[in-house]
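A.B. asks: sequence first, then the predicted structure, then my questions.
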Amino acid sequence: MVEGQDALGMRLKRALDRLADRRRPADRDAVCCRGLTYSQWALLRTLCEEGGGAGLPMGALAARLGLTPSGATRCADPLVERGLIERRLRPGDRRVCCLIPTPEGLSLGHEITAECAAGDRALLERLPAGEREAAVRAVERLAQEAETLFLPLDPCCLPDYQEEK
């Protein structure tokens, strides 16, 4: 049973790696052509998807993205300078800095997401119509399970982690 599970896990890993290797360049073009690094896009995308009206605390956002707090700050600074996100102190606890997308940031986030989704839609259209919904549900479920299994990330291997100790 373990051998079968190991083989299945390896097949999934290879498939996810191949999928990411093919998707990443297209997504990167959509991101980089708009003057963002991929890390900045990950931060902006997370804020657009999860930030809501109050934004996300910097520490929680750093953990969500697998960054150290100083790494998240370095990633956020250019987005603040471009007016895509704002820093706000949390009402009721002014020690907590939250990041929130601006209307310009939300607009750019939606634009990039739509461009990336067009490629994903084209990929889905290569599957038989009756399999598409199940394929999306399976990937959504894997993503949900990955969040509980792999988050928060341990920053011990990040380059600037040792500097902060």
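C.D. replies: Done, it's in.
A.B. asks: max-length strand in the protein?
C.D. replies: strand 93-101 (DSSP state E).
A.B. asks: tell me where the protein has helices.
C.D. replies: Assigned by DSSP state H, the helices in the chain fall at 2-32, 38-50, 58-65, 69-81, 103-124, 129-150, 161-164.
A.B. asks: tally of neighbours for residue 98?
C.D. replies: Using other Cβ atoms under 10 Å, residue 98 has 21 neighbouring residues. Yep, even glycine has a C-beta here, placed from its N, CA and C like the rest.
A.B. asks: err, residue 50, not the other one
C.D. replies: 12.
A.B. asks: before we move on, what about the one 3 residues further on?
C.D. replies: Counted with other Cβ under 10 Å, the neighbours of residue 53 add up to 5.
A.B. asks: grab the nearest non-local neighbour of it.
C.D. replies: Excluding its sequence neighbours, the residue lying closest to residue 53 (Cβ to Cβ, 6 or more residues apart in numbering) is residue 100, at 7.6 Å.
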